[in-house]
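# sequence and predicted structure, then a few things I'm wondering about:
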Amino acid sequence: MKKFILALVACLMLFCLTACGSGDEEFKLGVILLHDEASTYDLNFLNAVNAAAKELGLSESQVIIKRNIPESIKCKEAADELVDAGCKVVFADSFGHETYLLEAAKAHKNVQFCHATGTMAHTEKLDNFHNAFASIYEGRYLAGVAAGLKLQEMMAKDSTVVPKIGYVGAFTYAEVISGYTSFYLGVKSIVPEVKMDVQFTGSWYDETEEKNAAAALIDNGCVLISQHADSMGAPSICEERNVPNVAYNGSTATACPNTFIVSSSINWAPYFKYIVTCSKENKPIDTDWVGTIATGSVVLTDVNTKAAAAGTVEKLEAVKADLVSGKVKVFDINTFTSAGAKLTEFMADVDTDAAYTPDTQVIKDGYFSESTFRSAPYFNVEVDGITMLNAKY
Amino acid sequence: MLKNKTNDKEPLFHVTKRDDVTFSKAMGIRAIAVVAAFVFCMILALILAGINPLKMISSMFSGCFGTQRRIWKFFKNLSILLYISLAVTPAFRMKFWNIGAEGQTLIGALASVACIILLGGKIPNGLLVLIMFVAGVLAGAIWGVIPAVFKAIWDTNETLFTLMMNYVASFTVAYFLLVWTPSGSSTLGMLSYGWFPQIIHEYFLVIVIALILTGVIYVYLNYSKHGYEISVVGESQKTAKYIGINVKKVIIRTMTLSGALCGFAGFLIVAALDHSVTTQTVGGQGFTAIMVSWLGKFNPIAMFATSFLITFLDQGAAQISTEFNIDSAFPSVIVGSILFFIIGCEFFIYYKVNFRHKAKNMVTMAASENIVKDEETLNNEALKQENKTAIDEAAHETTDVQDAKQDVKQDTKQDINQKAATLQENNGKESEQ
């Protein structure tokens, strides 16, 4: 028995030695993911980091990816280990990772920590902790234009079609509210009398709930569905009921060939390239980085011409050009009302505090400036024409 | 009649129970299983994933013990799993299948977080931690005692009940997260109050308390009156009743303890590690703990070893995923295979597989066939003999039965006659009246 234990210890030490052997000084990027390839949300980040690594010529050993890291102390442990492994930049992809990543940032001053979708970098004021997001509302607005064209076509074909659309959301959280409002305003730019029902699921990923919510919306008379949810729940029920669908995070054209119109998503590759380049060249990284439709961070998939209205591709090109040039503002206060009145001023909760107090005037130059004062969305205005069916979430 | 043909085919193997397993033999079988498991996994690695099997095994070890940080993390993870496993064990010894540890731990964590939300910053940290401890333990105990009361009084199914309580706990957490985050994000993040004291290392106390608790539970189960009562109730409730044990009381008391210990684990997760709560805070460890407890034969000391094993597999699998940049599917296959071998080997500890000896050697097949033929004739004759005696016995039995039947007939005849007589008497009396 003693010999056996001795042999085991010897083996252990040998393994440790081989594991600790790498002490070279090449650049390394660490990535912390909430789930793995099975989740469309994390897959989007994985694809982006792989694309960026390829473009920058990073070898496989220069990108270390930690999968399935929950929003707990395990996030800090993962970050610590990535630092141990020699990473100069550590990135985490989930909202709930933020406070734990922040702890790691405080402990490792010489490593840059970048967090997607977070809200605390601009108030924590650490040199090595940064937030990032993309102006996805631009993408959703464009997707809304495609939906509006489809709705217009349906109404022209059949005069009994009532312009009511449905949206499946996760929580009544600014990111979701900003998302469905921009989508609605996109539709409204084509069909001014459109109304929208929103059904919340109370979860970021729940296939059954999303399916049920979409089915309930269709039963309620919604003739077109979109969603802010990662599962195939809503798209699949739309295909089954032959209701046009605008997706998020990626194309569902293979699964839903008859109903998928277009999808908007965030392309994180530009951000990965940005942080790697900054770190290599010793340049500071933006505290709040916002990728836009102009910089390629907000993208639309190919339009499915089988389901989309004629002329969609051309119209989207035109509107995109207007968004890039700034001619069209998504949250232009002249395009919507709230509680029957034009929104001339609005204090948003930009700086995170325990009481969630509104602190910043965000209406300027005739539009609601989303993602300007921090990268993560803060638009949470209830716009007329949108009905929240279950605001409990 | 009987077909003699069926008898000439001895099964390829048959299983007999081992009565005489020594500790060293049992450990030997386990060691063989572990080695076989690793060999199997190395083959899998080569064929399925195309990765170097030796590198894979070494990455498992380095993932657990490669750096000082990983060693601390390893023993911290082991401790948390051990807390929950220790918690379910008293109930399991009683054969009360508490699969609600997940919920009991989660509700303990939620209660502790509730204390931080309500009292954080308003009272000294030490007092807050104490209140969190009490609240966590109480909440866990309540979550455990509800199914126990139903079991004790109405004999409800504890497995289903405790399982359902997990979902109630999970949705309770989801509800409070909505209430506590008006922004709608449902994410609390790290809270800055109610931190458990840290000495030597941030995980040191968590690990030490786990070791102490292991000893305490071991003594409680093996050397205390309560422990004895739990064992008796587990063996047979009727025996327990017979020797004067209040079974209902023992069930309720033990489940209160089980729940309270889970609640304590929840409190520690909040106060010493996460400083927050989500629906994923326990992350399935309430279920893994069942396996730890079973594999450890409900013995706290052995459970240290089984939590060691499972933590090793978990942490090792995560390292494989990181080091070879693959999704979690293949590492999960590895973990599953190894557990399959280890759980499977328990069968071979308690049962022996006896192979048909003639299949041992192909060369002697012909010779053995002759022997078999001889055996066959012998068997046939023996069988004939057997049949004969059986038939004779049966014949005896039938005559016995017939005799008995006649006796019964006579008895009943007498009975009927008697009854008729009394009836007649009664009738006579009634008519007189």
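That came through, no problem.
# which residue comes closest to B:M255 once chain neighbours are left out?
Residue nearest to B:M255 in three dimensions, not counting chain neighbours: B:A148, with 3.3 Å by Cβ to Cβ, 6 or more residues apart in numbering or on different chains. For the C-beta atoms, the positions are set from N, CA and C on the backbone; glycine is no exception.
# and that neighbour, how far from chain A?
Separation of B:A148 from chain A (Cβ to the nearest Cβ, to the nearest Å): 30 Å.
# how about A:I261, secondary structure?
Put simply, A:I261 is strand when judged by DSSP: H, G, I helix; E, B strand; the rest coil.
# quick one: it from B:K248, how far?
Noted for A:I261: a distance of 63 Å to B:K248, by Cβ to Cβ, to the nearest Å.
# which one of those two has more residues nearby?
Ranked by neighbour count (other Cβ atoms under 10 Å in any protein chain shown), A:I261 and B:K248 place A:I261 first, with 27 against 16.
# any idea how far A:V319 is from that one?
For A:I261, the distance to A:V319 equals 15 Å [Cβ to Cβ].
# can you show me the helices along the stretch 1-150 of chain B?
In the stretch 1-150 of chain B, the segments counted as helices under DSSP state H, counting those that start in this stretch are B:23-44, B:53-65, B:68-93, B:101-119, B:125-154.
# of those helices, which approaches B:G286 most closely?
helix B:101-119 (2.7 Å; Cβ to Cβ).
# chain center to that closest one, what's the gap?
Once both centres are worked out by Cα atoms, centre = their mean, to the nearest Å, helix B:101-119 turns out to sit 26 Å from its chain's centre.
# that one packs against which elements?
Judged by 3 or more Cβ pairs under 8 Å, 6 or more residues apart in numbering or on different chains; DSSP states H and E, helix B:101-119 is in contact with helix B:68-93, helix B:125-154, helix B:158-180, helix B:247-268, helix B:285-295.
# show residues contacting stretch B:199-208.
Residues from elsewhere that reach stretch B:199-208 (Cβ atoms under 8 Å, 6 or more residues apart in numbering or on different chains): B:72-73, B:75-76, B:78-80, B:196-198, B:268, B:272-273.
# for chain A, tell me which of those residues show up nearby.
Among those, the residues that sit close to chain A (Cβ under 8 Å from any Cβ of the partner chain) are B:K73, B:L273.
# tell me which of the contacts of stretch B:199-208 is nearest to chain A?
Nearest to chain A, judged by Cβ to the nearest Cβ, of these is B:L273 at 4.4 Å.
# quick one: the closest one and B:K76 touch, right?
Yes. B:L273 lies in contact with B:K76 (Cβ atoms under 8 Å); the separation is 7.5 Å.
# where does the stretch 251-393 of chain A dip in pLDDT?
Low-confidence segments of the stretch 251-393 of chain A, defined by pLDDT under 70: A:392-393.
# can you give me the strands for it?
A:260-266, A:288-291, A:298-300, A:347-348, A:360-361, A:363-364, A:367-368, A:386-388 (DSSP state E, counting those that start in this stretch).
# residue of the stretch 251-393 of chain A closest to chain B, please.
Residue nearest to chain B within the stretch 251-393 of chain A: A:Y356 (4.7 Å; Cβ to the nearest Cβ).
# who touches that residue in this structure?
Counting by Cβ under 8 Å, 6+ apart, A:Y356 has contacts A:D349, B:P182, B:S183.
# of those, buried ones?
Among the contacts of A:Y356, those classed as buried by 16 or more other Cβ atoms under 10 Å in any protein chain shown are A:D349, B:S183.
# check what pLDDT whichever residue of the stretch 1-150 of chain B sits closest to chain A gets.
Nearest to chain A in the stretch 1-150 of chain B, going by Cβ to the nearest Cβ, is B:S62, at a distance of 3.1 Å. Here, the pLDDT recorded for B:S62 equals 96.
# quick check: the nearest residue to the residue of the stretch 251-393 of chain A closest to chain B once chain neighbours are set aside vs A:I363, distance?
Of all residues not flanking A:Y356 in the chain, B:P182 sits nearest, at 4.7 Å (Cβ to Cβ, 6+ apart). Using Cβ to Cβ, B:P182 is found at 22 Å from A:I363.
# residues near residue 98, how many?
In the absence of a named chain, chain A is used. Using other Cβ under 10 Å, A:E98 has 28 neighbouring residues.
# oops, I was thinking of chain B
Per other Cβ under 10 Å, the neighbour tally for B:N98 reads 32.
# what's the answer for A:K283, then?
For A:K283, the count of nearby residues is 9 (other Cβ under 10 Å).
# that older thread, got a markdown table for the contacts of A:Y356, with distance to B:A31 too?
Converted to a markdown table, the contacts of A:Y356 look like this (distance: Cβ to Cβ, whole Å):
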| residue | distance to B:A31 |
| --- | --- |
| A:D349 | 60 |
| B:P182 | 57 |
| B:S183 | 55 |
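# what pLDDT, on average, does the host helix or strand of B:K352 get?
Per DSSP states H and E: B:K352 is located in strand B:351-355. Averaged over strand B:351-355, pLDDT sits at 86.
# swap in stretch A:87-102?
Mean pLDDT, stretch A:87-102: 96.
# now do the same end-to-end measure for that stretch.
Counting by Cα to Cα, to the nearest Å, you get 16 Å between the two ends of stretch A:87-102.
# near chain B at all, stretch A:86-105?
Yes. Against chain B, stretch A:86-105 shows contacts by Cβ under 8 Å from any Cβ at A:F95, A:G96, A:E98, A:T99, A:Y100, A:L102, A:E103.
# ok, the third one touching B:L188?
What that stands for is A:E98. No. Contact criterion Cβ under 8 Å: A:E98 and B:L188 do not qualify, at 11.1 Å.
# not counting sequence-adjacent ones, nearest residue to the spatially most central residue of chain A?
By Cα atoms, centre = their mean, chain A has its centre lying nearest to A:I266, at 5.9 Å. Counting by Cβ to Cβ, 6+ apart, the nearest residue to A:I266 once its immediate chain neighbours are dropped is A:A134, at 4.3 Å.
# what about the one you found, distance to B:K225?
Taken as Cβ to Cβ, the span from A:A134 to B:K225 is 65 Å.
# wasn't A:A132 part of a helix?
No. The assignment for A:A132 is strand, going by three-state DSSP, so no helix is present there.
# residues contacting A:S264?
By Cβ under 8 Å, 6+ apart, the residues touching A:S264 are A:I136, A:G139, A:R140, A:L142, A:A143, A:Y248, A:V298, A:V299, A:L300, A:T301.
# buried deepest among the strands of the stretch 251-393 of chain A, which one?
strand A:260-266 (a mean of 25; mean count of other Cβ atoms under 10 Å in any protein chain shown).
# could I get that strand in CSV with only the CA atoms?
C-alpha atoms of strand A:260-266 as CSV (Å, rounded to 0.1, in the frame of the first residue of the first chain):
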residue,chain,number,x,y,z
PHE,A,260,-37.6,32.8,-41.6
ILE,A,261,-37.2,36.3,-43.0
VAL,A,262,-34.0,37.7,-41.5
SER,A,263,-32.0,37.7,-38.3
SER,A,264,-29.9,40.4,-36.6
SER,A,265,-26.9,39.5,-34.4
ILE,A,266,-23.9,41.0,-32.8
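# perfect, I'm done here.
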